[in-house]
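**Q** sequence plus the predicted model coming up.
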Amino acid sequence: MQLTKPQFWNNKKPNFISYLLKPFTLPILINNLIIDNSNKLKFKRIKSICVGNIYIGGTGKTPTALKLYKIIKKFSSSVVTAKKFHKSHLDEINLLKNSSNFITASNRKKIFEKAINQKYKYLIFDDGLQDKNVDYNIKIVCFNAKQWTGNGELIPSGPLREKIKNLKKYDIVFINNQNKKNDNFTKIVKKNNPKIHIFNTYYNIVNIHKFNLKKKYFVFSGIGNPENFDDLLKSYKFRILKHSVFPDHYSYNKNEYLKIIKIAKNLKCKILTTEKDYIKIPKVLKKKINYIKIDLMIQNEKKLIKILKSKINE
């Protein structure tokens, strides 16, 4: 069963339900303690970057991994992306596979071994910061400024896999959609890790020329934070009549697609979704549905390239 994140997770402070659930965060605390004190495997024959999060879902790990792939591709053709195989994550696996050299396996140790055997120099993981078995040369944490750390509590009391103080373990933070009004996030990050590098990011719609912005649109999505997709569309002046929200990584059936098509027809509007959702649509229905293709833009990208090169000894 696929579940959506509870609304109270994104309150600015914990509420009564959060406090009731606090005892159930103990397994997360124990697991994090084990991870912090475990001896992790280091692979010296390949340089690795892990793009992850401590806020569960919707922070843009996959677009970030693909952006790093494009950046490294500029100075080395020997780069590959990777993601541990989860059947429920086939949408992101296929996105990576369609846009980059890609490796997957049942665990990350096997992925390292595959990449080394295929003689790649650089390996970029989409997710895996909480893996207690392997270590990486560069560890990147992604946030979205709108959700930030939610109510600041661990799962299930809140949306965090780790407490914010654990940023001391990481090298780089990407904050999507941060502006001068909410740059206090930078101060919070630096307080927990003065040496960490922070980069602001935003999304650019690369296929915007395909859309008639005078038309009305019915939107559907199954992503971590659908309100962020809404905000992106509105920033480009899309006229959204309705947005049907499904759980992250949702597995749609044919009847649900047909229902979406029927609703759009009744509303006399076009259908729009994310690339992550579009990739799952049956081929016979794809022509009836449009999708947004995004590119992650990184402010001060030249500085990031210098940091990447220095840490992976390029």
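**A** Cool, the structure landed. Numbers count the residues shown, from 1 in each chain.

**Q** who does the helix or strand harbouring Lys302 touch, helix- and strand-wise?
**A** Using DSSP states H and E, Lys302 maps to helix 301-311. Using 3 or more Cβ pairs under 8 Å, 6 or more residues apart in numbering; DSSP states H and E, the elements in contact with helix 301-311 are helix 61-73, strand 197-205. No exception for glycine: its C-beta is placed from N, CA and C like everyone else's.

**Q** looking at these, which is closest to Tyr252?
**A** Closest to Tyr252 of the helices and strands packed on helix 301-311 is helix 61-73 (Cβ to Cβ; 18.7 Å).

**Q** from Thr81, how far out is Glu301?
**A** Computed as Cβ to Cβ, to the nearest Å, the Glu301 to Thr81 distance reads 18 Å.

**Q** columns distance to Ala115, mean pLDDT and mean neighbour count on top of the helices and strands packed on helix 301-311, output as a markdown table?
**A** What follows is those, written out as a markdown table (distance: least, Cβ to Cβ, whole Å; pLDDT from 0 to 100; neighbours: other Cβ atoms under 10 Å):
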| stretch | distance to Ala115 | mean pLDDT | mean neighbour count |
| --- | --- | --- | --- |
| helix 61-73 | 13 | 97 | 22 |
| strand 197-205 | 25 | 96 | 18 |
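
**Q** looking at those, spot the one closest to Asn212.
**A** With Cβ to Cβ as the criterion, Asn212 lies closest to strand 197-205 of those, at 13.9 Å.

**Q** quick one, the closest one and helix 61-73 angle?
**A** 100 degrees (axes from the mean of the first three to the mean of the last three Cα atoms, to 10 degrees).

**Q** so Ala65 touches Asn53, yeah?
**A** No. With contact defined as Cβ atoms under 8 Å, Ala65 does not reach Asn53; the gap is 11.7 Å.

**Q** you'd agree Ile175 is in a helix?
**A** No. Ile175: not assigned to a helix; according to DSSP: H, G, I helix; E, B strand; the rest coil it is strand.

**Q** now it: closest residue in space that isn't a chain neighbour?
**A** Nearest in space to Ile175, with sequence neighbours left out and distances taken as Cβ to Cβ, 6 or more residues apart in numbering, is Phe143 at 5.0 Å.

**Q** relative to the host helix or strand of the one you found, what are the paired strands and their orientations?
**A** Secondary structure assignment for Phe143, by DSSP H and E: strand 138-144. The strands beside strand 138-144 in its sheet (DSSP bridges) come out as strand 47-52 (parallel), strand 172-176 (parallel).

**Q** ok so, going back, report pLDDT for the residue nearest to Ile175.
**A** Per-residue pLDDT puts Phe143 at 96.

**Q** if I look at it, how far off is Ala115?
**A** Taken as Cβ to Cβ, the span from Phe143 to Ala115 is 27 Å.

**Q** roughly how far does the residue nearest to Ile175 sit from Ser88?
**A** Using Cβ to Cβ, we find Phe143 at a distance of 23 Å from Ser88.

**Q** same drill for those two, tell me which one is more crowded.
**A** Just comparing Phe143 and Ser88: by other Cβ atoms under 10 Å the higher neighbour count belongs to Phe143, 25 against 11.

**Q** I'd assumed Ile172 was in contact with the more buried one.
**A** No. Between Phe143 and Ile172 no contact is recorded; they are 11.5 Å apart, counting by Cβ under 8 Å.

**Q** show me the strands in this protein, by range?
**A** For the chain, strands defined by DSSP state E occupy the ranges 47-52, 79-84, 102-105, 122-126, 138-144, 172-176, 197-205, 216-221, 239-245, 270-274, 290-292, 294-298.

**Q** could you dump those strands to a markdown table with distance to Asn255?
**A** Output for the strands of the chain, formatted as a markdown table (distance: least, Cβ to Cβ, whole Å):
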| stretch | distance to Asn255 |
| --- | --- |
| strand 47-52 | 35 |
| strand 79-84 | 29 |
| strand 102-105 | 30 |
| strand 122-126 | 31 |
| strand 138-144 | 32 |
| strand 172-176 | 34 |
| strand 197-205 | 30 |
| strand 216-221 | 14 |
| strand 239-245 | 14 |
| strand 270-274 | 16 |
| strand 290-292 | 20 |
| strand 294-298 | 29 |
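
**Q** quick check: which of the ones you listed is buried the most?
**A** Of the strands of the chain, the one with the most neighbours on average (mean count of other Cβ atoms under 10 Å) is strand 122-126, at a mean of 27.

**Q** please enumerate the helices of the stretch 151-300 of the chain.
**A** Under the criterion DSSP state H, counting those that start in this stretch, the stretch 151-300 of the chain contains helices at 184-192, 226-235, 254-267, 275-278, 283-286.

**Q** tell me the most buried of these?
**A** Burial of the helices of the stretch 151-300 of the chain is given as mean neighbour count (mean count of other Cβ under 10 Å); helix 275-278 ranks first at a mean of 20.

**Q** list the helices and strands that one packs on?
**A** Applying 3+ Cβ pairs under 8 Å, 6+ apart, one finds that helix 275-278 contacts helix 90-99, strand 290-292.
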